[in-house]
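Peer 1: need a structure here:
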Amino acid sequence: MNPQEAQLHYPFGDALPPSGGALEVAPGVKWLRMRLPFALDHINLWLLRDELPGPAGSVSGWTVVDCCVSRDESKAQWEQIFAGELEGLPILRVIVTHMHPDHIGLAHWLCQRWNAPLWISATDYHTARIATGNSTGFGGESAAGFFASHGLTDTESLAQIRARANYYPGLVPDVPARFHRMMDGQAISIGGRRWTCISGYGHAPEHIALHCAETRTLISGDMVLPRISTNVSVYDTEPESNPLTLFLQSIDKFAPLHADTLTLPSHGKPFRGLHTRIAQLHAHHRDRLAEVMQACQASPCSGADILPVMFKRVLDLHQTTFAMGEAVAHLHTLWFEGRLQRRLGDDGIYRFEPA
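Peer 2: So this is what the prediction gives:
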């Protein structure tokens, strides 16, 4: 446990849900944990006891929050959940916090299997629909050109990025044809309890977290993680965006929640200490911005030049693409604040220097 983690409280200690099983963490809330084929090797999913009106009266069942990527191993884990954790009740709806593959990948399969509606923000729904048929920031010619313009010039890496045009649809082969829109401030009744939607930006187009004031429980999705800092990237589809500023503004929306709120993140373990973690995230990015500014003061820097400044370990290609997006995001924050200026060199590479 690193020093920052030591400032948080993990109420379930080292306990984890068994593969294909669940662990109850709050009234009517079960914690599922599924494997991912990435360096970040797991995702937390949630089952919430629910009751919805039906044609012949109310129907008891479950609401699912997030789905895992689409692959046979994940489906097999879900089959175990269906058999052992649903208590003979159906899945009534599927909530997706945002459009990243580990969250929405199996939404189509779950919704179709249980004839359950998808609930998601409109922005992330439509982004996912587009992404299943196109490259949107995860690979292909446009992504390779964007990374090259920010200094990633290694020909082998760029070739691999070009070849990843089907990265998203490979993990999210389809998206339900219909959805129910979730919006900031919207109240959703789940199992007779009021859950409020809290929108977040910077990590995804329109991420939705869910907060239950009655039980002091926050399903934070990827907006607040206990061990790592959420990836905040600039992508080729919005090349002059300012996602880091949006992200930092978004996590401040959790500050009014009770200090003892149980936070249920998408990665890592449930924890208490939400206010502490928000302060840690602000401090982390403040330190990274200071490092980036110092590097640009020494000499003009591209996004690729910033990689060794922000990331002290060796990165594989998958990690490099996320790191590049994050490096550019930090450069853009300083650029939008007027502390840096951006110049396009004769070599087609953007470099940033003090304004």
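Peer 1: got phi/psi on the nearest residue to residue 114 once chain neighbours are set aside?
Peer 2: Spatial nearest neighbour of residue 114, chain neighbours left out: residue 91 (4.1 Å); criterion: Cβ to Cβ, 6 or more residues apart in numbering. Glycine gets a C-beta too; all of them are placed from N, C-alpha and C. Backbone torsions for residue 91, taken as degrees, to the nearest 10, come to phi -80, psi 120.
Peer 1: what's the burial count for residue 91?
Peer 2: Here the number of neighbours of residue 91 (other Cβ atoms under 10 Å) works out to 21.
Peer 1: that one touches residue 65, doesn't it?
Peer 2: No: taking contacts as Cβ atoms under 8 Å, residue 91 lies outside contact range of residue 65: 11.2 Å.
Peer 1: ok, the nearest residue in space to residue 316 that is not next to it in sequence - contacts?
Peer 2: Using Cβ to Cβ, 6+ apart and skipping the chain neighbours, the partner closest in space to residue 316 is residue 39 (7.5 Å). Counting by Cβ atoms under 8 Å, 6 or more residues apart in numbering, residue 39 makes contact with 316, 318, 319.
Peer 1: what do you get for residue 147?
Peer 2: 157, 158, 161, 236, 303, 321, 324.
Peer 1: same check on residue 118?
Peer 2: Shown in contact with residue 118 (Cβ under 8 Å, 6+ apart): 93, 94, 96, 107, 111, 125, 175, 176, 178, 179, 180.
Peer 1: helix or strand for residue 283, which one?
Peer 2: helix 274-298 (DSSP states H and E).
Peer 1: work out the gap between that helix and the centre of the chain.
Peer 2: Its chain's C-alpha centre and that of helix 274-298 lie 20 Å apart, by Cα atoms, centre = their mean, to the nearest Å.
Peer 1: count of residues packed around the residue nearest to residue 120 when sequence neighbours are not counted?
Peer 2: Spatial nearest neighbour of residue 120, excluding adjacent residues (Cβ to Cβ, 6+ apart): residue 96 at 4.4 Å. By other Cβ under 10 Å, 31 other residues sit near residue 96.
Peer 1: ditto for residue 254
Peer 2: Neighbour tally, residue 254, other Cβ under 10 Å: 21.
Peer 1: now the strands for the stretch 201-350 of the chain?
Peer 2: 207-212, 217-221, 262-265, 271-272, 340-344, 350-354 (DSSP state E, counting those that start in this stretch).
Peer 1: out of the ones you listed, which one sits most buried?
Peer 2: strand 217-221 (a mean of 27; mean count of other Cβ atoms under 10 Å).
Peer 1: in its sheet, what does that one sit against?
Peer 2: Pairing partners of strand 217-221, with direction, according to DSSP bridges: strand 207-212 (antiparallel), strand 262-265 (parallel).
Peer 1: so what's the gap between it and the chain middle?
Peer 2: 12 Å.
Peer 1: residue 168 is in contact with residue 130, isn't it?
Peer 2: No: assessed by Cβ under 8 Å, residue 168 is found out of contact with residue 130, at 9.5 Å.
Peer 1: those two: which has the busier surroundings?
Peer 2: Comparing residue 168 with residue 130 by other Cβ under 10 Å, the one with more neighbours is residue 168, at 25 against 15.
Peer 1: what sits closest to the more buried one if chain neighbours are left out?
Peer 2: Closest to residue 168 by Cβ to Cβ, 6+ apart is residue 131, at 4.5 Å.
Peer 1: how about residue 240?
Peer 2: Nearest non-adjacent residue to residue 240 (Cβ to Cβ, 6+ apart): residue 332, at 7.4 Å.
Peer 1: quick one: contacts for the one you found?
Peer 2: The contact partners of residue 332, by Cβ under 8 Å, 6+ apart, come to 234, 240, 241, 242, 243, 244.
Peer 1: what's the residue nearest to residue 316 sitting at in phi/psi?
Peer 2: Per degrees, to the nearest 10, the backbone of residue 39 is at phi -60, psi -40.
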